[in-house]
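[1] Structure of the sequence below:
(6 chains)
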Number of protein chains: 6
Amino acid sequence: LWLPSQVMVRTMSSSSGPTSPYTTLSISRPTERVTHVELHRPEKRNAMNKAFWSEMVDCFNEIAADPECRVVVVSGAGKIFTAGIDLMDMASNLLQPEGDDTARVSWNLRKTITKYQETFSVIEKCSKPVVVAVHGACIGGGVDLITACDIRLCTQDAWFQIKEVDIGIAADVGTLHRLPKVIGSRSLVNELALTARKMYADEAKSSGLVSRVFADKETMMAGALEMAGEIAARSPVAVQGTKINLVYARDHSVAEGLDYIATWNMSMLQTQDVMKSAQAAMERKSPKTVAFSKL
Amino acid sequence: LWLPSQVMVRTMSSSSGPTSPYTTLSISRPTERVTHVELHRPEKRNAMNKAFWSEMVDCFNEIAADPECRVVVVSGAGKIFTAGIDLMDMASNLLQPEGDDTARVSWNLRKTITKYQETFSVIEKCSKPVVVAVHGACIGGGVDLITACDIRLCTQDAWFQIKEVDIGIAADVGTLHRLPKVIGSRSLVNELALTARKMYADEAKSSGLVSRVFADKETMMAGALEMAGEIAARSPVAVQGTKINLVYARDHSVAEGLDYIATWNMSMLQTQDVMKSAQAAMERKSPKTVAFSKL
Amino acid sequence: LWLPSQVMVRTMSSSSGPTSPYTTLSISRPTERVTHVELHRPEKRNAMNKAFWSEMVDCFNEIAADPECRVVVVSGAGKIFTAGIDLMDMASNLLQPEGDDTARVSWNLRKTITKYQETFSVIEKCSKPVVVAVHGACIGGGVDLITACDIRLCTQDAWFQIKEVDIGIAADVGTLHRLPKVIGSRSLVNELALTARKMYADEAKSSGLVSRVFADKETMMAGALEMAGEIAARSPVAVQGTKINLVYARDHSVAEGLDYIATWNMSMLQTQDVMKSAQAAMERKSPKTVAFSKL
Amino acid sequence: LWLPSQVMVRTMSSSSGPTSPYTTLSISRPTERVTHVELHRPEKRNAMNKAFWSEMVDCFNEIAADPECRVVVVSGAGKIFTAGIDLMDMASNLLQPEGDDTARVSWNLRKTITKYQETFSVIEKCSKPVVVAVHGACIGGGVDLITACDIRLCTQDAWFQIKEVDIGIAADVGTLHRLPKVIGSRSLVNELALTARKMYADEAKSSGLVSRVFADKETMMAGALEMAGEIAARSPVAVQGTKINLVYARDHSVAEGLDYIATWNMSMLQTQDVMKSAQAAMERKSPKTVAFSKL
Amino acid sequence: LWLPSQVMVRTMSSSSGPTSPYTTLSISRPTERVTHVELHRPEKRNAMNKAFWSEMVDCFNEIAADPECRVVVVSGAGKIFTAGIDLMDMASNLLQPEGDDTARVSWNLRKTITKYQETFSVIEKCSKPVVVAVHGACIGGGVDLITACDIRLCTQDAWFQIKEVDIGIAADVGTLHRLPKVIGSRSLVNELALTARKMYADEAKSSGLVSRVFADKETMMAGALEMAGEIAARSPVAVQGTKINLVYARDHSVAEGLDYIATWNMSMLQTQDVMKSAQAAMERKSPKTVAFSKL
Amino acid sequence: LWLPSQVMVRTMSSSSGPTSPYTTLSISRPTERVTHVELHRPEKRNAMNKAFWSEMVDCFNEIAADPECRVVVVSGAGKIFTAGIDLMDMASNLLQPEGDDTARVSWNLRKTITKYQETFSVIEKCSKPVVVAVHGACIGGGVDLITACDIRLCTQDAWFQIKEVDIGIAADVGTLHRLPKVIGSRSLVNELALTARKMYADEAKSSGLVSRVFADKETMMAGALEMAGEIAARSPVAVQGTKINLVYARDHSVAEGLDYIATWNMSMLQTQDVMKSAQAAMERKSPKTVAFSKL
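    Numbering: from 1, shown residues only, chains lettered A, B, ... in the order given. Below you'll find the predicted structure:
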């Protein structure tokens, strides 16, 4: 059912370096409507340096505006997904902030934190679903990143670590806010965040952090692409409306969420995609046979 | 402990058709205080036609007002729980809405969606606990329905499918809003909603969608009735207050929920049921031996 | 890795009675920065009498203000964790409240409930992480208590029971409000709250109520202390900031949580702990080697 | 500019009794698109009896569904607007509620209060603007009623009184919740609600409770009709969208309100009314010359 | 109508110094059910020193628990209401906070601010209405104080000044949060907070900050007492329920406020006070003739 | 006291055209720390064309980042403040949006509306206070603009008109959301929004929309500059913290606002500005004599 297409996988693994104008990301289009974003500083274990924090924002803003792209797959080049923040490169920003007094240093730090938060919030604000595929280590900022994605996959050798407390910091770019709403055991969230212990693939699966575990990276990438293909084949009006309303629902009461989607769908139900999709369904054809207009 | 009473089950399976004034629902009272609502269009796989959407509202409003009923069990007649929306019957409403221009069509669609949302919200607004028992397929609108129930059970052969994206629609009658607050893996919720893949009983259990899986429908119905009997035997003041406050708590902060229940219980603790229950407990009698006044 | 230090455990189990000024709690300091709070009415199965409800408040207010304490471990003396509310001792308060008419009785009951809610809310308001270790039975008020703690551990023989509905009461001191945000299966929460059935250790683990199960109490206490030690070794600025922001995040939207922590961390990142921790990390030393100032 | 059309006024004052099926309300259509709802128990000073509380709900539900009606004017027949609740008629409901114990009496009272709240909330839920015109006294329930209306007018001899505290009740059908969001002086709101003192037309105007004061009832009714006519002449898509979004905005943050109206207007801007209205505006024609489709 | 009783006033002005155990407050009981709290450091223009900030909390907690007191009047002894914070006395707390690094200093400052906020929040949490009577200057902390009161009165020579910005501080104990919800002109709020200009009695009245202006202090105190007497004469169940629900309504949507008061009044309507009050009303007797039980 | 400095005014009125890179705005610096933004299409009555909507965003983002600027004054060049949206220039965007079906047209319209909302939201997000000075007409989009400013001034000949309903639109870029929180009469807000009638300076003042009315534009500009000067002379840490917290407080409960400012001020109170300001205050020097560091 979910067999990987060999062609796709070959395309995906062909990435040989960052894609201009980026220095930390490699962007490719393995299939017609899927964009692949690869963290690409393998020699640095994909550590998040200054460039990364702003390139992610540019990259996802571009993806959000690209009508050809319907789904995004995120993964890491090299041996691990990411080692998290690149302390060497970032130290000056975080450890020696400017300002004439404590208030002004604080003022500048707040601007910096808010800017860094945006690096992962753009993933959530982008209305196209984002599938993230993790292999090897996913540390610190990596956990912030993946909790902002929509679907999480990993390999059997993957492990996850909320590292911030180990360097004296309460994690401030998303993990503490999204993880408890992503998995169902608050005791586990607290344990991970307070002890910085590693969580391995099995616990990631049983706790619901990832919804699938694959034997190795190649299988996972094929599975990620296959899943992306399934999503990309469906009406973008339905798919992106679903993501937007799922995010809205998380932050509101059920009654407010229902009101919002009624107001949303009063126009979106008027799409031709409903007729096209319904017809294909009745004729027992795959949605992949339907040509949907761009969104 | 949870052995089914054979009498009950026979009563439950005796349903031979919809109960007047309903054409899609069969209502019965298998035991004194339990109401059984059966989706009953087996020849149409319990598909949800126009009549269904309003009969559910009438049915649950009636149940809410019926002092004899303390718990509700919902299940489906025939081979599966429900095939979801009856596209043939509903098409005119959804696909050819009236209105002189886009705004007026939208206005009317919003009214329709809001009305259909009420079909499942009545389950939640009804202060009596609702146990739903799913066998075979539970598709599309069926998932919207069961997420509005309080306790979910299923058979080993059950499967669940969020189907809306396959017909070009962002699910707008509850699934996107309740499911993420019902199960603990957001990655799984997103995967199901965006790919329309089926989820089988095992994953439904491990993800927490259902709290029990039974070997077959007969065992499940017996188990559902037994559970309903346990709940029905307890103080209705306590049981219904519990449901109301659990729903309230979901949509508010912990502090607000605590404030609300303090205001709620300042009168409800003055019930005679506390004394009656406490006495039975001290005498190690079952709550079933206690006669509580109607509520 | 998580091997218990024998010394600690011996220290912990040496408790022979309540610690003045408390009559229901035994307070000790098994290691330098860890406070152990033991429910200590073993002859009464640690039932929660009048004294308990106010002693908990005093105890946690004291802990909150004690700069020597960085982590708290809570457990129960004797055969079980707790039998819950001590109905005999509390009956007069709850069953015969004062007041000249229904409104005035209600007014007084509301004050009482609000006061009792504080008994467990103090655990949450205390910025130091609280690890709770449950053995044997955890009934009624015990469930309210543990859901207000940060990390939950239990022994293989532990069981949990939301008992309130059995005595005619909708649980009003926290279970209904915190449990659904603590575990990921709403169906299970509802089932437990409405039927008062017992949940055993395995289900507690698979549902996410506890994040670890231990063979017996001695192993669990050693594990709890070890975990507390891990947390206590880290920067208190980071640890307590993490707890405060995790609690804040639960009750707010992601956007609000991110705004709050940016405002929080604009000063907290200026701690020397970041530099100290980062240096230790680069030198591959344990955080336990770092001396952090008191908070 | 705001001169009353004599014909209209004559029409309005011709009401000689309640309109079937109502016994407390007289419904008329003074002009093509304006519905006039008159409280009509003049011999009882328009006191709100049992019938009134449910007739209002039926009446406004009907108005909400009536495509011919675009604006509503509410006023009172006889010497005053309303004396508020009809204590004689209502006493049995409020003072002798049924129920076997305090909890059950409370349960029933809550149902009653919730039902009575709906009597005024229907005014707010009806998407057509409601102009209320007050002469003489507006007491107790009258203040609840008018705060749920959109525009408030009064005569020079009008006075307002929050009466509930005088009969031992905290006002529970809307005044305490809407008045502080209707006028801009919280000190005044508190004073009125806590002392039950009368507020006369001048203070009602300066505090913002009413936006216009008229010399006498005849002038006011003419002014109300003229204003209703102005509103009725404009695009119903624009007018009703404005009301819905103003009510939404009151109960949400600015950011949420902006999000909601963007989602609302993405379809509503596609109305032909924009083109028709814009063209009339450019040709300097009154909106009254434009024929808008029904909504 | 609102004529002051000479006896009361004489009683009120007899205060000759702080009342033990307070050093900054003089507490008296001018009439049976009214408590008068006088800021009493006239030689220091009632500046708020360290003692004041904690004495207010003790004082209002005591008042909240005192069944004899039904209404509170707050005023200032000597030439002005208050000069605001006593910078000399407070400087050490605010300007030289303790802590080993910026994070720890911040941690301690936050505790101090939170504690000082409580000084005025106790006024709001006290369910008894608080009438504040301002003469002469009301500066800085004085504005924070009066915005937490329920009803504001002033003399013709009174003036108000939000002073914080003049000493380099964003006002953090209530003014910025309550003032915009107390008066109806946001432009004025911003102007006052950002320029620190004085506002005189006339503008205080027209903007709604105060609901009455009196010629001089003696008249005002008489008026305040008279108003307090009016409130104190009514059912405490109604009066205190009104205050609690008005505060709740401010911070919630209308729908939530209505739900809350329905839950509140389901018990409170069962008070004997309704019958007593209704009977007095029908017999055209003053509420002052009714004896209500203590609350 | 508030006498205009002639030099400033002359500087301000010398603007002779838009300032590069803007084509619709003229930016100047009348005094050291005050930025003057002038709507500058006088020949088109400052109508808001396509360029304007994006130039405002660029302009205010630049101002937000400019450490030299501490306060902003906004006014209009020529005969009136602004005629609102430039229908001719905008028609294509609003009336002929692109998209293959209704859903896609809606999708694009929503993006456009959201973008236009940002045009005024940037004013609110900019932490520097914005004083707006209105002369002559302020129509449609002009009202959206001024409600997002902090302080509103106008001339005696100014008038305001919510025009959207006249062209078939529910105002969607801020008026409906901010105006009710800006003035204190909801009846007036509704009347203005639903009838599109003009409101003149006197009513603008009495309703609280503006906090000052000036005889003519020259006097107003002098007054605006004087007020801006007062604000600019104070600590930017205090001033900008005040704006940020006032905006936060509007959209949150009082308790949440207090929590937020405590977290804000725990660092901001550590500014040198407090000491500098306090010292100046004690020496009775004007804040203008103090040199504050840039923020």
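[2] Let me see the ranges of the helices in chain A.
    Here chain A has its helices, by DSSP state H, at A:6-13, A:50-65, A:87-95, A:102-125, A:141-147, A:175-182, A:186-195, A:201-206, A:217-232, A:236-250, A:254-268, A:272-282.
[3] burial measure for the closest residue to A:Pro236 other than its chain neighbours, as a count.
    Sequence neighbours aside, A:Leu295 is the residue nearest to A:Pro236 in space, at 4.2 Å (criterion: C-beta to C-beta, 6 or more residues apart in numbering or on different chains). Every C-beta, even on glycine, is put in place using the N, C-alpha and C of the backbone. By the criterion of other C-beta atoms under 10 Å in any protein chain shown, A:Leu295 has 21 neighbours.
[4] Turn the helices of chain A into JSON lines, including mean neighbour count and mean pLDDT.
    Formatted as JSON lines, the helices of chain A follow (neighbours: other C-beta atoms under 10 Å in any protein chain shown; pLDDT from 0 to 100):
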{"stretch": "helix A:6-13", "mean neighbour count": "15", "mean pLDDT": "49"}
{"stretch": "helix A:50-65", "mean neighbour count": "18", "mean pLDDT": "97"}
{"stretch": "helix A:87-95", "mean neighbour count": "15", "mean pLDDT": "77"}
{"stretch": "helix A:102-125", "mean neighbour count": "21", "mean pLDDT": "96"}
{"stretch": "helix A:141-147", "mean neighbour count": "28", "mean pLDDT": "98"}
{"stretch": "helix A:175-182", "mean neighbour count": "26", "mean pLDDT": "97"}
{"stretch": "helix A:186-195", "mean neighbour count": "26", "mean pLDDT": "98"}
{"stretch": "helix A:201-206", "mean neighbour count": "18", "mean pLDDT": "97"}
{"stretch": "helix A:217-232", "mean neighbour count": "23", "mean pLDDT": "98"}
{"stretch": "helix A:236-250", "mean neighbour count": "24", "mean pLDDT": "98"}
{"stretch": "helix A:254-268", "mean neighbour count": "24", "mean pLDDT": "98"}
{"stretch": "helix A:272-282", "mean neighbour count": "18", "mean pLDDT": "91"}
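[5] what separates the residue in the stretch 101-250 of chain A that chain D sits nearest to from chain C, distance-wise?
    Of all residues in the stretch 101-250 of chain A, the one sitting closest to chain D is A:Tyr248 (8.4 Å; C-beta to the nearest C-beta). Distance, A:Tyr248 to chain C, by C-beta to the nearest C-beta, to the nearest Å: 10 Å.
[6] Quick one: residues contacting the closest residue to that residue other than its chain neighbours.
    Computed as C-beta to C-beta, 6+ apart, the closest residue to A:Tyr248 that is not its neighbour in sequence is A:Tyr260, at 5.5 Å. By C-beta atoms under 8 Å, 6 or more residues apart in numbering or on different chains, the contact set of A:Tyr260 is A:Asn245, A:Tyr248, A:His252, D:Tyr260, D:Thr263.
[7] Let me have these in CSV, extended by distance to F:Val37.
    Listed next are the contacts of A:Tyr260 as CSV, based on distance: C-beta to C-beta, whole Å:
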residue, distance to F:Val37
A:Asn245, 38
A:Tyr248, 34
A:His252, 36
D:Tyr260, 29
D:Thr263, 31
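[8] Just give me the closest of the residues you listed to C:Ala47.
    Distance from C:Ala47 was checked for each of those by C-beta to C-beta. The minimum falls on A:His252, at 40.8 Å.
[9] just checking, A:Leu258 touches B:His177?
    Yes: using C-beta atoms under 8 Å as the test, A:Leu258 is close enough to B:His177 to be in contact (5.9 Å).
[10] Give the residues shared as contacts by the two.
    Counting by C-beta under 8 Å, 6+ apart, nothing touches both A:Leu258 and B:His177.
[11] Give me the buried positions along stretch A:156-164.
    Buried residues in stretch A:156-164, counting neighbours by 16 or more other C-beta atoms under 10 Å in any protein chain shown, are found at A:Gln156, A:Ala158, A:Trp159, A:Phe160, A:Gln161, A:Ile162, A:Lys163, A:Glu164.
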